[in-house]
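Asks: This is the structure alone, sequence omitted:
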């Protein structure tokens, strides 16, 4: 009998035992977490009928039987493979793999594990106890968040900063009702050091985005604000590897302790009240009761550790009024997990930046010259695109300037401007191209007479087009040349070069070429 069959028999007899004790079908289903129809089916079956159903089930052909050698081989080579991974491998190696549900694959894989005795053996990371660090050697920092219930019955998400001294387990907690930034992280450090009345030698961190910008094989790039702060303090920084919370387990345990002991079932009134409450909790509970591992109260151990901490002198931290943000090529910036739209034309290649200042939940965006570009209410959501104004290119002023440059080429400027406005109205998307074509035509040969005549012809014949104006202009110009009419603004030869008019060009003798070719 396989383990699966044994489990099935235990389940069958447990259902009948509960019925004999007086439990109803629904109560048995809730207790065993089964569907009530399954319980009812098994209660209506005798032991012989149930045994026969197990035999028929084992003999039933499975839709994935033809893939058994492949799945078996993978399970033998990689016993810790998940069902989802095996499902993907089957679709990768077999183009004709049928469309089946993940549950079907799961049942088939579990059947093969039992049939061939291949248990799931997840890789277990080996751990060992870490020797207690010297007093004053290290502190660990982490962040947490929790959804509280307000006095009005609504949900309120709070974030908190935690620092714990590794040797004494002395803890500090500070709450905020908005996401942490580099500035508030620095404030959290200062509050913690003031609470401990000293600074440890090393502080251990996770790779949080408020502290580091990037990490490349151990090369840590800090945020500008936090980097400047660390230069003013004596402690060293140690960053854990990504996805490795075990390397700072002391503070990870404190985060859970705050959630399950202090925050659980606590009502939120305001952030100031919450910070007062957590300080009282630290005194009476978190730092007073004996630690589960050391069996010593943290506050007593802290009395020993305090002389080993570096002297703490408060810093005056000037608030950063503006922060620089890179502008994307779509003329947006990413600010607090949302995208804020900027006027078109702000992006000017890689490295374009703007300054952002947040005041009273209003986001103000400035260029580097401190000209206000736009302002938006701060969004409390994530992944939103914020912007309500028309962001099309502001080319109206440029078009008007180009029209003004064309007017001096005409005598009748009022008629010229009226006609140009008609071209703009007819071709709003291509007006710039039409104006440039007219400008190119007029500047090649400057002749107001021809320009006025071409303009009047276009107005009279309703030719509202830059291309047609160019063609008319050149036709009139060619007609003047044929009739030997003088063209205006034709530059004359320099007086010093008039003697060259009567000079005869040098003429070669063709006999010279014949001599060269016959040689």
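Replies: Now that the structure is in, tell me what you want to look at. This one's a predicted model, so the numbers in the text were calculated from it and none came from an experiment.
Asks: In stretch 443-457, which residues are buried?
Replies: Across stretch 443-457, burial judged by 16 or more other CB atoms under 10 Å covers 447, 450, 451, 452, 453, 454, 455, 457. C-betas here are computed from N, CA, C, even on glycine.
Asks: Make CSV out of the residues you listed and add secondary structure and distance to residue 117.
Replies: Conversion of the buried residues of stretch 443-457 to CSV gives the following (DSSP: H, G, I helix; E, B strand; the rest coil; distance: CB to CB, whole Å):
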residue, secondary structure, distance to residue 117
447, coil, 100
450, helix, 99
451, helix, 97
452, helix, 101
453, helix, 101
454, helix, 96
455, helix, 96
457, helix, 98
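Asks: Switch these over to JSON lines; also include distance to residue 475 and pLDDT.
Replies: Output for the buried residues of stretch 443-457, formatted as JSON lines (distance: CB to CB, whole Å; pLDDT from 0 to 100):
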{"residue": "447", "distance to residue 475": "13", "pLDDT": "78"}
{"residue": "450", "distance to residue 475": "10", "pLDDT": "86"}
{"residue": "451", "distance to residue 475": "13", "pLDDT": "87"}
{"residue": "452", "distance to residue 475": "15", "pLDDT": "89"}
{"residue": "453", "distance to residue 475": "10", "pLDDT": "89"}
{"residue": "454", "distance to residue 475": "8", "pLDDT": "89"}
{"residue": "455", "distance to residue 475": "13", "pLDDT": "90"}
{"residue": "457", "distance to residue 475": "9", "pLDDT": "90"}
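Asks: Could you pull up the residues touching residue 508?
Replies: Residues near residue 508 by CB atoms under 8 Å, 6 or more residues apart in numbering: none.
Asks: Strands of the stretch 401-519 of the chain, residue ranges please.
Replies: Using DSSP state E, counting those that start in this stretch, the stretch 401-519 of the chain contains no strands.
Asks: so where's it uncertain?
Replies: Within the stretch 401-519 of the chain, the ranges that satisfy pLDDT under 70 run 479-503, 519.
Asks: and if we set it to 50?
Replies: Residue ranges of the stretch 401-519 of the chain with pLDDT under 50: 487.
Asks: How about the stretch 151-300 of the chain?
Replies: Along the stretch 151-300 of the chain, the parts satisfying pLDDT under 50 run over 216-219.
Asks: picking up where we left off before, distance to residue 352 for the buried residues of stretch 443-457 - can I get that in CSV?
Replies: Shown next, in CSV, are the buried residues of stretch 443-457 (distance: CB to CB, whole Å):
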residue, distance to residue 352
447, 45
450, 46
451, 42
452, 46
453, 48
454, 44
455, 43
457, 48
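Asks: closest to residue 511 among those?
Replies: Using CB to CB, residue 447 is the member of the buried residues of stretch 443-457 that lies nearest residue 511, at 49.0 Å.
Asks: Tell me if I'm right that that closest one and residue 477 touch.
Replies: Yes. Between residue 447 and residue 477 there is a contact at 7.0 Å, judged by CB atoms under 8 Å.
Asks: Which residue comes closest to the residue nearest the centre of the chain once chain neighbours are left out?
Replies: The centre of the chain sits closest to residue 337, judged by CA atoms, centre = their mean, with a distance of 6.8 Å. Counting by CB to CB, 6 or more residues apart in numbering, residue 382 is the residue found nearest to residue 337 once chain neighbours are left out, at 4.1 Å.
Asks: Ends of stretch 365-379, what's the gap?
Replies: With CA to CA, to the nearest Å as the measure, stretch 365-379 spans 14 Å from end to end.
Asks: Buried ones in that stretch, by neighbour count?
Replies: Across stretch 365-379, burial judged by 16+ other CB under 10 Å covers 365, 366, 367, 374, 376, 378, 379.
Asks: Which pair in those residues has the greatest spatial separation?
Replies: Across the buried residues of stretch 365-379 (CB to CB), the longest gap, 21.9 Å, separates 367 and 379.
Asks: neighbouring contacts of stretch 375-383?
Replies: By CB under 8 Å, 6+ apart, the list of residues contacting stretch 375-383 reads 336, 337, 338, 340, 358, 361, 362, 363, 364, 365, 386, 387.
Asks: Let me know whether the third one touches residue 384 as I believe.
Replies: Yes. Because the distance of 4.7 Å satisfies CB under 8 Å, residue 338 is recorded as touching residue 384.
Asks: the more surrounded of these two?
Replies: Legend: neighbour count by other CB atoms under 10 Å for residue 338 and residue 384, higher for residue 338 (19 against 12).
Asks: what's near enough to touch the more buried one?
Replies: With CB under 8 Å, 6+ apart, residue 338 has these contacts: 379, 381, 382, 383, 384, 385, 386.
Asks: That one pairs with what?
Replies: With DSSP bridges applied, residue 338 shows beta-bridge pairing to residue 335.
Asks: so which helix or strand takes in residue 203?
Replies: Assigned by DSSP states H and E, residue 203 belongs to strand 202-205.
Asks: Now do the closest residue to residue 94 other than its chain neighbours: how many residues are near it, please.
Replies: Using CB to CB, 6+ apart and skipping residues adjacent in sequence, the residue nearest residue 94 is residue 67, 7.0 Å away. Residues lying near residue 67 (other CB under 10 Å) number 20.
Asks: Quick check: closest non-adjacent residue to residue 412.
Replies: Nearest residue to residue 412, sequence neighbours excluded (CB to CB, 6+ apart): residue 452, at 6.1 Å.
Asks: ok, the one you found touching residue 419?
Replies: No. Under the criterion of CB under 8 Å, residue 452 makes no contact with residue 419, lying 11.4 Å away.
Asks: circling back: wait, which of the buried residues of stretch 365-379 is closest to residue 35?
Replies: Closest to residue 35, out of all of these and judged by CB to CB, is residue 379, at 44.5 Å.
Asks: quick one: residue 285 from residue 471, how far?
Replies: Distance from residue 285 to residue 471, counting by CB to CB, to the nearest Å: 91 Å.
Asks: same question, residue 72
Replies: Residue 72 is 81 Å from residue 471, where distance means CB to CB.
Asks: Then residue 187?
Replies: Applying CB to CB, the value for residue 187 to residue 471 is 72 Å.
Asks: who's more crowded, those two?
Replies: Between residue 187 and residue 471, counting by other CB under 10 Å, residue 187 is the more crowded of the two (18 against 15).
Asks: Is the more buried one in a helix, a strand, or coil?
Replies: Secondary structure for residue 187, judged by DSSP: H, G, I helix; E, B strand; the rest coil, is helix.
Asks: hmm, back to that, kindly list the main-chain dihedrals of the residue nearest to residue 94?
Replies: As for residue 67, its main-chain torsions (degrees, to the nearest 10) stand at phi -100, psi 10.
Asks: what sits against residue 176?
Replies: By CB under 8 Å, 6+ apart, the contact set of residue 176 is 158, 159, 160, 161, 184, 271.
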